[in-house]
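Peer 1: mind folding the following:
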Amino acid sequence: MLSLNKVLITGHAGKDIEVSPHNGGLCANLSVATTNSYQKNGEWVKETDWHNIVAFGKTVEWAQKIKKGDTVYVEGRLKTFFWIDQQGVDRKGTQIIAEKLYALCTKKNDAANSVPNSIPSELVHEDVPF
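Peer 2: Below you'll find the predicted structure:
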């Protein structure tokens, strides 16, 4: 039986990326917010979800300069983990293990001053018909 575990998101970094050593390489942690809009009783409602991103190795090297507010692209897989907290309660969490993590647009002081970064070549498709 085939299975697929693939996640693609673009959103805004909730804080500067945190990079630390891990097993002789690098590990990075980042929170990314995505916002969806929908209508409820004739009113538009915005709903924000926060995603915990973890990256390792070469992926971290591409993403080390991500700052709070930057627009980021994340491609990876979901990982669910379990633990027991200090009160002995079973807990469950989900992370996105990033295989690709890029800053698409760097936020300066405000959105009007945002600076687009060069888009990695693997994200550019020359055969798009428009």
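Peer 1: tell me, how many residues neighbour residue 90?
Peer 2: Residue 90 is flanked by 8 other residues according to other C-beta atoms under 10 Å. In this view, the C-beta of every residue, glycine as well, is placed from N, C-alpha and C.
Peer 1: can you get me a residue count around the closest residue to it other than its chain neighbours?
Peer 2: Nearest residue to residue 90 in three dimensions, chain neighbours excluded: residue 84, at 5.9 Å (C-beta to C-beta, 6 or more residues apart in numbering). Using other C-beta under 10 Å, residue 84 has 9 neighbouring residues.
Peer 1: before we move on, what about residue 93?
Peer 2: 10.
Peer 1: what does the model give it for pLDDT?
Peer 2: Listed pLDDT for residue 93 reads 94.
Peer 1: check the one 5 residues further on too.
Peer 2: The confidence metric pLDDT takes the value 96 at residue 98.
Peer 1: roughly how far apart are it and residue 35?
Peer 2: Distance, residue 98 to residue 35, using C-beta to C-beta, to the nearest Å: 20 Å.
Peer 1: between these two, which is the more surrounded one?
Peer 2: Higher neighbour count among residue 98 and residue 35: residue 98, with 26 against 10, using other C-beta under 10 Å.
Peer 1: run through the bridge partners of the more buried one.
Peer 2: Judged by DSSP bridges, the bridge partners of residue 98 are residue 55, residue 76.
Peer 1: okay, and the closest residue to residue 107 other than its chain neighbours sits in which element?
Peer 2: Take residue 107 and drop its neighbours on the chain: the residue closest to it by C-beta to C-beta, 6+ apart is residue 69, 3.6 Å away. Residue 69 belongs to no helix or strand when assigned by DSSP states H and E.
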